[in-house]
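Trainee: Would you be able to build a 3D model of this:
(chains A and B)
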Amino acid sequence: KQEVTQIPAALSVPEGENLVLNCSFTDSAIYNLQWFRQDPGKGLTSLLLIQSSQREQTSGRLNASLDKSSGRSTLYIAASQPGDSATYLCAVSVDNYGQNFVFGPGTRLSVLP
Amino acid sequence: DGGITQSPKYLFRKEGQNVTLSCEQNLNHDAMYWYRQDPGQGLRLIYYSQIVNDFQKGDIAEGYSVSREKKESFPLTVTSAQKNPTAFYLCASTDRGADTGELFFGEGSRLTVL
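Mentor: Got it, this is the predicted structure:
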């Protein structure tokens, strides 16, 4: 059974730092991996999606990488800002039929001004 | 703008009552999902539907029911049989025909049992 973990569970950094969030999954047979952001009391907002054939995706200050063989993905946030404070979740999809998404528990990020 | 609309945002229920959470999407997505989120826990799948008039139980379906009479709508009923219904409920959808399989979410509904 696919399991997804995220380390650390919480992270606090000063504004301007570059940071890395980690996501690990136990079964490398994935279709894609998606990173989400969740603000308190809100839904999940999709940040980046990496398909299984890809190694990385970039959007603005965000860069996500995928190493399927080792079961790992990282989300790199450059020049962090207080507005980046949120919980970041990763999820893996095991097929394109949309039957099975497995989510990690999230990393709660605080960027201090 | 295309998206997923959940209502109500906040809902209070007395014990023994059934309540229905609405989820409407105008993304023309085939697949829709209901997740439950509790503090300190990951998202858990309640029900999902791949096409109209068909739905499947997820990991924690007991005490919940759904219907999928229209492609754009996937309401969730929390019945009195659900022992601990206080939680944050999230509806999601994806386009099964797309290569990416990207998942989109609504803003969520918070249910509190009094």
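
Trainee: Can you report how many residues lie near the closest residue to B:Q37 other than its chain neighbours?
Mentor: Spatial nearest neighbour of B:Q37, chain neighbours left out: B:F88 (4.5 Å); criterion: CB to CB, 6 or more residues apart in numbering or on different chains. From N, CA and C alone the C-beta is placed, and that goes for glycine too. Applying other CB atoms under 10 Å in any protein chain shown, we find 18 residues neighbouring B:F88.

Trainee: For B:F88, list each beta-bridge partner.
Mentor: B:Q37, B:R110 (DSSP bridges).

Trainee: Would you confirm that it contacts B:S109?
Mentor: Yes - using CB atoms under 8 Å, B:F88 is in contact with B:S109, at 7.5 Å.

Trainee: all strands of chain A, in order?
Mentor: Here chain A has its strands, by DSSP state E, at A:4-7, A:10-14, A:19-25, A:32-38, A:44-51, A:56-59, A:62-67, A:72-77, A:86-93, A:101-103, A:107-112.

Trainee: now B:R96: how far from chain A?
Mentor: Using CB to the nearest CB, to the nearest Å, B:R96 is found at 5 Å from chain A.

Trainee: try B:T5
Mentor: When B:T5 is compared with chain A (using CB to the nearest CB), they lie 11 Å apart.

Trainee: Contacts for the helix or strand where that residue lies, please.
Mentor: Using DSSP states H and E, B:T5 sits in strand B:4-7. Identification of contacts with strand B:4-7 by CB atoms under 8 Å, 6 or more residues apart in numbering or on different chains yields A:43, B:21-25, B:27, B:89-93, B:104-109.

Trainee: Same question for it: list its buried residues.
Mentor: Across strand B:4-7, burial judged by 16 or more other CB atoms under 10 Å in any protein chain shown covers B:4, B:6.

Trainee: swap in stretch A:72-91?
Mentor: A:73-75, A:77, A:80, A:84-91.

Trainee: okay, among those, which ones form the most distant pair?
Mentor: Longest distance between any two of these is 22.3 Å, between A:S80 and A:A91; criterion CB to CB.

Trainee: For the most centrally placed residue in chain B, give me phi and psi.
Mentor: Centroid check for chain B by CA atoms, centre = their mean gives B:W34 as the closest residue, at 2.8 Å. Dihedral pair for B:W34: phi -120, psi 130, per degrees, to the nearest 10.

Trainee: which residues of chain B score low on pLDDT?
Mentor: Within chain B, the ranges that satisfy pLDDT under 70 run B:1, B:99.
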